[in-house]
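Participant: Need the 3D shape of this:
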Amino acid sequence: MQFHSDEHKRRFNDLCERDKTNIKDVERRSLFYIFSGAELLHRNIEMLYNFEDHTIRLEAYNEAFLSGGTRSLVDLAFSLYGSDAECEIRYLFNTLDDRNSILALQAIKYRFQILVEIVDLK
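Facilitator: A predicted model of the protein is given here:
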């Protein structure tokens, strides 16, 4: 898994440890990958995820801090987690800056275990 920074990796590992997430739980780990990679989402993790019940908080959709790109990232994270949240791909990438677009793509690749192999086309 590729991280934006050492801080992103540290926050991701902290969330997984806090939740006691199994290494094979790619659904939950992709959710944490997004939440740890977006500062605003990480700061508001308690509104997005219940660590006691190990569940997402769908009521987070009513939170004022969710708008535009942050809302799109939550839609994606909840969708990758396996909820009924709808994530319109066209809308998702129209609302994200370059950094968060890469975050979204990496989360999708991780969730579906898509390995990218560089092929020399010479």
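Participant: In contact with Gly37: list those residues for me.
Facilitator: Residues in contact with Gly37 (Cβ atoms under 8 Å, 6 or more residues apart in numbering) are Phe3, His4, His8, Arg11, Phe12, Asn100, Leu103, Ala107. From N, CA and C alone the C-beta is placed, and that goes for glycine too.
Participant: which phi and psi does the second one have?
Facilitator: Summarising the backbone geometry of His4 under the convention degrees, to the nearest 10, its torsions are phi -70, psi -30.
Participant: try the first one
Facilitator: Backbone geometry at Phe3, expressed as degrees, to the nearest 10, gives phi -110, psi 150.
Participant: burial count for it?
Facilitator: 17 (other Cβ atoms under 10 Å).
Participant: Leaving out chain neighbours, which residue sits closest to it?
Facilitator: The shortest distance from Phe3 to any non-neighbouring residue, by Cβ to Cβ, 6 or more residues apart in numbering, is to Lys9 (4.1 Å).
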